[in-house]
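S.K.: quick check, what structure comes out for this input:
(2 chains)
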Amino acid sequence: MQIKLYNSLTKTIEPFQPVETNTVKMYSCGPTVYNYAHIGNMRAFLFADILQRVLRVVGEYPVRWVMNITNIDDKTIRDSALNANTWKSEMGSQSDDPIDNLLKFTDFYTKSFIEDINTLGIKAEDFEAMPRATDYIEQMKGLITDLFHKGLAYVSEGSVYFNVNKWRQVDTYGKLFKIDFENFKPGTRVDTDQYEREQASDFALWKLKKPGEPFWSFDLDGQNCDGRPGWHIECSVMEKEILGLPFDIHTGGVDLKFPHHEDEIAQSKAGYGIEPTLFWCHNEFLEVEGEKMSKSLGNFFTVRDLMNKGLNSLDVRYLMLSSHYQSVLNFTFDGITASGKARQRVQDFIYDIFDNNAGSESADAVSLKNRVYEHLGNDLHTPQALAEVFSFINNNPAKTLNSTTRTELIEFFKDLNRVFSVWEINPRAEVEILIPQNIKDMAEERLKAKQEKNWAKSDELRDKLKADGWLVKDNKEGYTLEKI
RNA sequence: GGUGCCUUGGCCGAGCGGUCAGGCAGAGGUCUGCAAAACCUCGUAGGUUGGUUCGACUCCGACAGGCACCUCCA
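M.R.: You can find the predicted model right below:
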């Protein structure tokens, strides 16, 4: 089916067509691995995951998905420094080699990142590669050297900068983000005195080493520039090395449009002569309880925090998919509860269609699938796709459906779950929970009291069971016990 | 200051120029000794203000409020 995607370059929804006829090459801006990933990060990665799944399932394309791991930047350097209090014993022991410390530190958080995305249903095997920035230093130096030779980069105090004004004479700078150069406000969050740029709009390609920091030797036409790469250069290099240029889709959070992606376009076009990608796709942010997530507001949650609170990871995934990726998502704990119930309703329907006692009604599973795929293919309208599923469920109770329809629906849900991945496409599992003997006895005693119409005693025992953590649900045959 | 986005019912969250979004919560009902669960049924919308139109939640303008980005935050 034809996929349509919103392209940040053109600011319109466009029909998607891969550069090469049969394969989609997709690059996602990945994490900076200096800490555990938080749920805001996760929205970006879940968006990318849904996109690649929709491309595979609805678009029927093979997908080559690459996500970078930024393991060299100010924060990873700071937090892996010798004797930093951010060091954990699980990372191993520190040495006097800053690169060794950096890698031990960032590998630890890379591993935890992969665990965390896996918790939320993103499968490691769906990635073709997760390249680490430090594995591409040589290629970065190569690109920087090219830019320098073309006169588009200059050295200032051992750091190398991209000359934006000069590039603007050649090509547009501001393809994703309209920039008002007259009113360009120099960055307020960075210690601007640290680096000497000619123009506030110029950006670092390479940064001079500071004492004690990890660095790589770099001789740029006789000028000693020992240091480490800037942030934007890694993506330009790794996507070109792994996927080749141009590739099809580049994803990331809206905050990355400028400067990160804008600079990436400039570097790649200037250095390689080709822009990185045809489609730029950006996800909106996530708020928590209506406010921007921040540590000072106390609403900052990592994936691990949520799991420790006992949240179901599938409910978290479902919540993230229940709103469109381009709208701000309000993450709330009430929302998680609602998501859990909504998700369970579909799950119960799926369980029910596996039951043997089929009815006689038929329903059009094919048109359901078409409608759902239509929504998914239309710029990933997951909320509408879900609405279709619910409408179907409401109009077609499982017990009324005949076996042919059930078979078709099972196939449909298998396919749908390749995208959503929040359900079990299986018969309801008869889970044998170990019920303590005293609870069994109490329940039997209650049943007896109930049969004797001794309601007072029966209710008393039911309350007692509830207090002990067991819920009694009566039915025609007797009762069932559920652990609360 | 610049750039862009958003404002829908108690909460979350879509599409659409006129006809049911959907979910959660809530109300009523079936079932039950009573519950619970399940199932059935049902409200309550479209920031304010002009305009376009036979008709606007939907298009255009203004205003108000909120959010994001503006050199290393997804």
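S.K.: make it CA atoms for all contacts and neighbour counts henceforth
M.R.: Noted.
S.K.: hmm, A:Glu289 is touching A:Leu329, no?
M.R.: No: counting by CA atoms under 8 Å, A:Glu289 stays clear of A:Leu329, with 9.8 Å between them.
S.K.: more neighbours, those two?
M.R.: Neighbours per residue, other CA atoms under 10 Å: of A:Glu289 and A:Leu329, the larger number sits with A:Leu329, 22 against 15.
S.K.: for that one, which non-adjacent residue is closest in space?
M.R.: Counting by CA to CA, 6 or more residues apart in numbering, A:Leu329 lies nearest to A:Leu286, which is 4.7 Å off, once chain neighbours are set aside.
S.K.: in a helix, A:Ser327, correct?
M.R.: No: under DSSP: H, G, I helix; E, B strand; the rest coil, A:Ser327 sits outside any helix and is assigned coil.
S.K.: wait, doesn't it sit right on A:Glu284?
M.R.: Yes: in this structure, A:Ser327 is within contact of A:Glu284 by CA under 8 Å, at 5.6 Å.
S.K.: those two: who's more crowded?
M.R.: Taking other CA under 10 Å, A:Ser327 and A:Glu284 do not tie; A:Glu284 has more neighbours (19 against 11).
S.K.: what about A:Leu9, helix or strand, and which?
M.R.: A:Leu9 belongs to no helix or strand when elements are defined using DSSP states H and E.
S.K.: now do the contacts for the nearest residue to it once chain neighbours are set aside.
M.R.: Residue nearest to A:Leu9 in three dimensions, not counting chain neighbours: A:Leu176, with 5.4 Å by CA to CA, 6+ apart. The neighbourhood of A:Leu176, defined by CA atoms under 8 Å, 6 or more residues apart in numbering, consists of A:8-9, A:257-258, A:261-262.
S.K.: just how off-centre is stretch A:128-147 within its chain?
M.R.: Shown here is stretch A:128-147, whose average C-alpha point lies 24 Å from the average C-alpha point of the whole chain (CA atoms, centre = their mean, to the nearest Å).
S.K.: equivalent analysis for stretch A:371-383, please.
M.R.: How far stretch A:371-383 lies from its chain's middle: 18 Å, per CA atoms, centre = their mean.
S.K.: got the CA positions of that stretch in CSV?
M.R.: Extracted C-alpha coordinates of stretch A:371-383, given in CSV (Å, rounded to 0.1, in the frame of the first residue of the first chain):
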residue,chain,number,x,y,z
ARG,A,371,-9.2,0.8,6.6
VAL,A,372,-6.7,0.3,9.4
TYR,A,373,-3.8,0.1,6.9
GLU,A,374,-5.1,3.2,5.2
HIS,A,375,-4.8,5.1,8.4
LEU,A,376,-1.4,3.7,9.3
GLY,A,377,-0.1,4.5,5.8
ASN,A,378,-1.5,8.0,6.0
ASP,A,379,1.3,9.5,8.0
LEU,A,380,1.1,7.0,10.8
HIS,A,381,-2.4,7.8,12.0
THR,A,382,-2.3,5.3,14.8
PRO,A,383,-5.1,6.9,16.8
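S.K.: list the contacts of it.
M.R.: Residues external to stretch A:371-383 that are found in contact with it (CA under 8 Å, 6+ apart): A:1-6, A:13, A:50-51, A:54, A:58-59, A:321-325, A:384-386, A:388-389.
S.K.: cool, and stretch A:451-462?
M.R.: A:442-443, A:445-447, A:449-450, A:471-472.
S.K.: again, only using 10 Å
M.R.: Residues from elsewhere that reach stretch A:451-462 (CA atoms under 10 Å, 6 or more residues apart in numbering): A:442-450, A:463-468, A:470-473, A:478.
S.K.: in ChimeraX, select just the buried ones from those residues.
M.R.: In ChimeraX syntax, the buried subset of the contacts of stretch A:451-462 is picked out as below (16 or more other CA atoms under 10 Å):
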select /A:442,443,445,446,447,449,464,465,466,470,471,472
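S.K.: what mean pLDDT does the helix or strand hosting A:Leu461 get?
M.R.: Using DSSP H and E, A:Leu461 sits within helix A:455-467. Averaged across helix A:455-467, the pLDDT comes to 87.
S.K.: and it, how far out from the chain's middle?
M.R.: In terms of CA atoms, centre = their mean, the centre of helix A:455-467 is set 47 Å apart from its chain centre.
S.K.: hmm, that helix touching RNA strand B?
M.R.: Yes: under the criterion of CA under 7 Å from any atom of the strand, RNA strand B is reached by helix A:455-467 at A:455-456, A:458-459.
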